[in-house]
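Participant: Sequence first, then the predicted structure:
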Amino acid sequence: MIAQHFPILQVVLPLMAAPLMVLLRRGAPAWLLAVIVSWTGLFISLSLLAQVADGSVISYAIGSWPPPWGIEYRIDRVNAFVLVLVSLIAAVVVIYSRASVAAELPAHQHYLFYSLFALCLAGLLGIAATGDAFNLFVFLEISSLSSYALIALGRDRRALMASYQYLIMGTIGATFYIIGVGLLYLMTGTLNMADMAQRLAGVTEVRAVLAALAFITVGICLKLALFPLHLWLPNAYAYAPSAVTAFLAATATKVSVYVLLRFYYSIYGESAIFYALPMGQILLLLSLAAMFIASAIAIIQSDLKRLFAYSSVAQIGYITLGISFDSVTGLTGGIVHLFNHALTKGALFMLLGCFALRLGRIRFDNIGGIARVMPFTSFGIVLGGLSLIGAPGTAGFISKWYLVLAALESGQWWIALAIMLSSLLAVVYVWRFVEAAYFREPDAKTAQLKEAPLEMLVPALLMIAACFYFGLDTTLTVDGAARAAQTLLQGIR
Amino acid sequence: MTIAGHFSYWITIFLAIAGLYIVIARGNLIKKLVGLGIFQTSVYLLYIVPGKLIGGTAPIIAEQYGLYSNPLPHVLILTAIVVGVATLALGLALVVRIREAYGSIEEDEILDLDKTPVFPNTATSKPA
Amino acid sequence: MKDYLVLRVIFKLLIPFIILFAIYVLFHGDFGPGGGFQAGVIAAAAIIFYAIIFGLPDARTVVPDRLAEAMIAAGVLLYAGVGVAGLLLGGNYLDYFVLARDPVHGEERGIFWVEAGVFITVSGVMLKIFYMFASRGQDVEDA
């Protein structure tokens, strides 16, 4: 009986846990509650994925108001996949966060941290679960507002400015999105996505509908940090507390990619986006720019967190590249990369958090020879870097393989070449870390450091292990992504 | 339908552009937030205005009325206003803390302060 | 402003009416303009007035910080709890119709408790924001 309520429980459990944590007022029980909620959420999302695996759609009417009048939660193979990703990352990060938060934040803020974390999780899960365009905006703002606050908790005062800039850019993005939805609402008279898709069929060339598409595209691309709109991301990731960076890097931008997919394929339909309009070419161009320019900027960074933040911008380029092909293979590649990159970047930022625990700021000039004193963390970063590059046997290889396949399928061999060339840029920045950590002598200060505590190291290394597991056994990721891609290309009908 | 007939849309567009311009052009953090507020307000208008029918009344069904305004945009915008207030409150709280940390709320001054490294290892010690 | 006798006396007389008005607005929200949001702001305004006239420390003894924070959380929990109650009584989440034997009564009951949750949270938030900003300014002046 309870299983029929899973779509809403997925969102409401963390949403209710957040105020409970405020009532508890203690860090330790709040953490325990966060662990319970995130692991229950993982269980719920997995069972939802199993329920929709055969292509069926779960529709849940909030307050028993039937859609399209009421708010509908609509789970299909696409967002079930995203729900699993978000709750998986949350479940791992929450275990990791206890030691990291204890070291980075003053004790009286701990329960607030977990409360914000639960709110952010609820927002991200809500974005993925809902089938209502306006409800999506509300969840977008719940997750964004809590992540602004989470970023501002960083120790460095620059975290404040980073959070402020993210707030400005994020709010502009969300407002653009809501303008787009408003125009669509004026044209169709509905906010339910499935209903909207039906009413838009055949009238997508109307100017107001096109304007709505432009607003939604720009708004969501601000949120997902597509290349020229990524300016908020590096600082936000660099100065936020480590656990926050790991969680946001792995989930926030990915959920926004999902929103873009939803609007492009389910609501507008691929023929309107990719045949009538040159969206494919625009995305392709921006993706390539992201892959090369952001990687090149990553190479010249002196701060490791900023380096990997720019690398995130580049990797988002691969995901949108997959979308721009508008083929099953391309979409599969994009969605698989969404999952694999979330795992890889989550793990990398968690490992960087281990460094941050011992070092504070992590710069190339203070990690010289650190592999001698923190061997597991350093080796983990090297392995994660391999996955980022796309070395065979890692998860990153699988997704790039599908992207290259899609490029060849569409007859654009030069894109395949570009994917490989930009991977070489990733080799350069990962090598910079290897060179600093392994081939330099540790100075006196570094030599006294100890390896990070196990409760941080184990979750991070488990994620790294997962990168390799999903590089060898692709049944969950590639099959799930391929099914999601088929669902998307069928449209919502 | 003339230009004058669409005057509510012109107001909406003007507010949106004015707000966005303030956000981009002003360096003062508070003024930026004010601009952001104006920008968001334009969206409220975008939703509310089409919901109003001239001569329409509140959608409580009664015999003597036949024309009702659409209540849904109001509900949506009530939500959006709450979101906007929360954003503004958070933004202002951030500005207060930025003022305490930097002693300034001018963006260029703050960025200058960040450029000049104070200590080689500032990360571990947070300024009071 | 503790020295202004007229202000103090008049204000003490007004407080109960302000709070009463807040509760009236809350209950009247079912039938006319009003509701939890407005009521919450009015109730918080009573305490904020009190703080302006008698000083922040006095207001903090009336409604301590911890209480304000607990109110923020409790209101949200109450709101979400109404949703879960609908779920437990056999409906969907936030299903008002199952809250009483008669669907219309259930709807009224559900909306009232949701509004009550909004009332508690909004007044808590208003107070908390006021406390935070008011005390912060004093800290800076003292330093």
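Facilitator: Received it, and whenever you're ready, just let me know what you need. Numbers count the residues shown, from 1 in each chain, chains lettered A, B, ... in the order given.

Participant: how about stretch A:267-278: buried residues?
Facilitator: A:267-270, A:272-274, A:277 (16 or more other Cβ atoms under 10 Å in any protein chain shown). Every residue, glycine included, has its C-beta placed from N, CA and C.

Participant: Nearest residue to residue 26 in space, please, no chain neighbours.
Facilitator: Since you didn't name a chain, this refers to chain A. The spatial neighbour of residue A:26 that comes closest, neighbours along the chain excluded (Cβ to Cβ, 6 or more residues apart in numbering or on different chains), is residue A:111 at 5.9 Å.

Participant: My question was about chain C, not that one.
Facilitator: residue C:39 (3.7 Å).

Participant: Can you get me a residue count around residue A:13?
Facilitator: Other residues within reach of residue A:13, judged by other Cβ atoms under 10 Å in any protein chain shown, total 21.

Participant: Is whichever strand or helix holds it in proximity to chain B?
Facilitator: Here residue A:13, judged by DSSP states H and E, is contained in helix A:6-24. No: on the criterion Cβ under 8 Å from any Cβ of the partner chain, helix A:6-24 is out of touch with chain B, staying 14.2 Å away.

Participant: CA atoms only for that helix, dumped as CSV, please.
Facilitator: Provided in CSV are the C-alpha atoms of helix A:6-24 (Å, rounded to 0.1, in the frame of the first residue of the first chain):
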residue,chain,number,x,y,z
PHE,A,6,6.7,6.4,-3.3
PRO,A,7,6.7,9.2,-5.9
ILE,A,8,5.7,11.7,-3.2
LEU,A,9,7.5,10.1,-0.3
GLN,A,10,10.7,10.4,-2.3
VAL,A,11,10.4,14.2,-2.0
VAL,A,12,8.6,14.6,1.2
LEU,A,13,10.8,12.6,3.5
PRO,A,14,13.8,14.9,3.1
LEU,A,15,11.5,17.9,3.1
MET,A,16,10.1,16.9,6.5
ALA,A,17,13.4,15.8,7.8
ALA,A,18,14.8,19.4,7.4
PRO,A,19,12.5,21.1,9.9
LEU,A,20,12.8,18.1,12.3
MET,A,21,16.6,18.7,12.3
VAL,A,22,16.0,22.3,13.2
LEU,A,23,13.9,21.1,16.2
LEU,A,24,16.6,18.7,17.2
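
Participant: Next secondary structure after it?
Facilitator: helix A:27-52.

Participant: residues of whichever helix or strand comes after that following helix that come out buried?
Facilitator: Counting by DSSP H and E, the next helix or strand C-terminal to helix A:27-52 is strand A:58-61. Judged by neighbour count (16+ other Cβ under 10 Å), strand A:58-61 contains these buried residues: A:58, A:60-61.

Participant: Output those of these also counted as contacts of chain C.
Facilitator: Of the buried residues of strand A:58-61, the ones that also sit near chain C (Cβ under 8 Å from any Cβ) are A:60-61.

Participant: Figure out how far the particular helix or strand that has residue A:91 in it is from the centre of its chain.
Facilitator: Assessed by DSSP H and E, residue A:91 sits inside helix A:77-104. Its chain's C-alpha centre and that of helix A:77-104 lie 11 Å apart, by Cα atoms, centre = their mean, to the nearest Å.

Participant: so what does the next helix or strand after it touch, helix or strand wise?
Facilitator: Using DSSP H and E, the next helix or strand after helix A:77-104 towards the C-terminus is helix A:110-129. Other helices and strands packing on helix A:110-129, by 3 or more Cβ pairs under 8 Å, 6 or more residues apart in numbering or on different chains; DSSP states H and E, are helix A:6-24, helix A:27-52, strand A:72-75, helix A:77-104, helix A:133-152, helix A:242-261.

Participant: ok, the residue nearest to residue C:26 - how many residues close by?
Facilitator: 27.

Participant: do you know how far residue C:56 is from residue C:136?
Facilitator: 11 Å (Cβ to Cβ, to the nearest Å).

Participant: Isn't residue B:33 up against residue B:89?
Facilitator: No: between residue B:33 and residue B:89 there is no contact under Cβ atoms under 8 Å: 10.1 Å.

Participant: Same drill for the two, tell me which one is more crowded.
Facilitator: residue B:33 (24 against 15).

Participant: Might you report the residue contacts of that one?
Facilitator: By Cβ atoms under 8 Å, 6 or more residues apart in numbering or on different chains, the contact list for residue B:33 reads B:88, B:91-92, B:95.

Participant: Also residue A:165?
Facilitator: A:231-232, A:235-236.

Participant: mind redoing it with 10 Å?
Facilitator: Residues counted as contacts of residue A:165 (Cβ atoms under 10 Å, 6 or more residues apart in numbering or on different chains) are A:148, A:151, A:231-233, A:235-236, B:29, B:32, B:94, B:107.
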